[in-house]
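> this is a predicted model, with the sequence first.
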Amino acid sequence: MRSIAENIERITASLPREVKLVAVSKQQPVEYIAAAYEWGQRRFGENKAQELAAKYECLPNDIQWHFIGHLQTNKVKYIAPFVSLIHAVDSLKLLQAIDREAGKQGRIIECLLQFHIAEEESKFGLDEREAREILESPLFKAMRHIRIAGVMGMATYTEEREQVKKEFRHLKEIFERLKRNHFAGDPVFREISMGMSGDYELAVEEGSTLVRIGSSLFGERNYKQTIE
């Protein structure tokens, strides 16, 4: 457990003050999360709705839970009562489900629009045209229980640093265009979620405000990672 605290201290010390760490705790045991919490970490990211709901029940209630995976509309109900931020919204249908379930809870849930910035076809995400269509839709404008808090993206898994930086820079440019054209003067629209264990330093250089780090905190996993 000591190494978890040391890893968090090392990584947070390397981040600018304005950049927030999301500790990716997916498939990690509760005791590992508790160790990070004891050190002072409060933001944790999960990618399975029912696993997240189970952890929420047995961990301190001041944790800010972030949902970072591909969210199915029929799973929103499991996390709507408590989730702080949903990172990977890639359709109007999903926004409608979040708005509906948040309304049942009397909550407003902050969301990030996920953009496809990588060359890999396996990644989820919107392009700018699709995002504009959502934001200009009467259905979106009628929503009262969601707030768009920024953007999220995943770079290509590659050793080519310049390619990764270019993709992160592209996401920052998308953020700036959306801010200018759709969210001018809106203080809620503020986050750029990009950067994982292997590339978060590059993401910070290109303007990330939220980095999603798992293996560098909790150790390597022995399964294929989908998002972190």
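Right, received. Where do you want to start?
> ok, and what's touching the longest helix seen in the chain?
Using DSSP state H to define each element, the chain has its longest helix at helix 161-182. Contacts to helix 161-182, defined as C-beta atoms under 8 Å, 6 or more residues apart in numbering, come from residues 113, 115, 117-119, 128, 131-132, 135, 150-151, 153, 155-156, 158, 186, 189, 192, 194-195, 199, 202-203, 205-208. Placement of C-beta: from N, CA and C, glycine included.
> and residue 213, how far from residue 153?
16 Å (C-beta to C-beta, to the nearest Å).
> who has more neighbours, those two?
Between residue 213 and residue 153, counted using other C-beta atoms under 10 Å, residue 153 has the larger neighbour count: 29 against 23.
> wait, the more buried one touches residue 116, no?
Yes. Using C-beta atoms under 8 Å, residue 153 is in contact with residue 116, at 7.5 Å.
> shared neighbours, these two?
By C-beta under 8 Å, 6+ apart, the residues touching both residue 153 and residue 116 are residue 125.
> what helix or strand is the residue nearest the centre of the chain on?
Central residue of the chain (C-alpha atoms, centre = their mean): residue 87, 3.3 Å from the mean position. According to DSSP states H and E, residue 87 maps onto strand 85-89.
> pull up the pairing partners for that strand, direction included.
In the sheet, strand 85-89 lines up against strand 64-67 (parallel), strand 109-115 (parallel) (DSSP bridges).
> list the contacts of it.
Residues contacting strand 85-89 (C-beta under 8 Å, 6+ apart): 45, 64, 66-71, 79, 95, 98, 109-114, 124-125, 149, 152, 191, 193, 210, 212, 227.
> average pLDDT across stretch 94-110?
Averaged over stretch 94-110, pLDDT sits at 98.
> gap between it and the chain center?
17 Å (C-alpha atoms, centre = their mean, to the nearest Å).
> quick one: buried residues of that stretch?
94, 95, 96, 97, 98, 99, 100, 101, 102, 103, 109, 110 (16 or more other C-beta atoms under 10 Å).
> the fourth one: which element?
Assigning secondary structure by DSSP H and E places residue 97 in helix 92-105.
> pull the distance from that helix to the chain's centre.
17 Å.
> equivalent analysis for stretch 74-92, please.
Remark: stretch 74-92 is offset 11 Å from the chain centroid, using C-alpha atoms, centre = their mean.
> oh, and call the first residue 24 from now on, that's how I've got it
Understood, numbering begins at 24; the last thing we discussed is stretch 97-115.
> now do the end-to-end distance for that stretch.
Start-to-end span of stretch 97-115 (C-alpha to C-alpha, to the nearest Å) is 14 Å.
> pull out the buried residues from it.
98-99, 101-103, 105-115.
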